[in-house]
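Enquirer: What follows is a predicted protein model with its sequence.
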Amino acid sequence: MAVPKSRTSKWRRNRRRAQNFFNKFKRSLPSLVTCPECGEKILPHRVCPYCGTYRKRAVIDAE
């Protein structure tokens, strides 16, 4: 069985873990699309909270 020869320092451990932190952070930013009816930025595949439409159909009554 493979056993480490010496203990991994905190610096080396943290450097290894930091490689994935920024990639995960960049991917977690939401992609926004423009609503075709009102032009506001919304999350894709969701009902627009500003005008209440989804796929150019009125789904909810927006105020």
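Expert: Cool, got the structure.
Enquirer: how far away is Ser6 from Leu32?
Expert: Computed as Cβ to Cβ, to the nearest Å, the Ser6 to Leu32 distance reads 48 Å. The way it works is simple: take the backbone N, C-alpha and C, and place the C-beta from them, glycine included.
Enquirer: Can you pull out the low-pLDDT segments for the protein?
Expert: Scanning the chain with the threshold set as pLDDT under 70 gives 22-29, 62-63.
Enquirer: just the strands in it please.
Expert: If DSSP state E is used as the criterion, the strands of the chain fall at 33-34, 41-42, 53-54, 57-58.
Enquirer: so how far is stretch 9-26 off the chain centroid?
Expert: Once both centres are worked out by Cα atoms, centre = their mean, to the nearest Å, stretch 9-26 turns out to sit 19 Å from its chain's centre.
Enquirer: Touching, Ser31 and His45? I think so.
Expert: No. With contact defined as Cβ atoms under 8 Å, Ser31 does not count as touching His45 (10.7 Å).
Enquirer: what comes up buried for stretch 54-63?
Expert: Neighbour-count burial for stretch 54-63, with 16 or more other Cβ atoms under 10 Å as criterion, is recorded at Tyr54.
Enquirer: what's that stretch in contact with?
Expert: When contacts are defined by Cβ atoms under 8 Å, 6 or more residues apart in numbering, stretch 54-63 is touched by residues 36-37, 46-53.
Enquirer: List only buried entries from the residues you listed.
Expert: Buried by 16+ other Cβ under 10 Å: 47-48, 51-53, out of those.
Enquirer: now those in a markdown table, with distance to Lys41?
Expert: Shown next, in a markdown table, are these (distance: Cβ to Cβ, whole Å):
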| residue | distance to Lys41 |
| --- | --- |
| Val47 | 14 |
| Cys48 | 10 |
| Cys51 | 13 |
| Gly52 | 16 |
| Thr53 | 14 |
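Enquirer: Nearest to Ala2 among those?
Expert: Val47 (53.1 Å; Cβ to Cβ).
Enquirer: okay but that closest one is in contact with Thr53, surely?
Expert: Yes. Under the criterion of Cβ under 8 Å, Val47 makes contact with Thr53 at 7.2 Å.
Enquirer: Brilliant, that's me finished.
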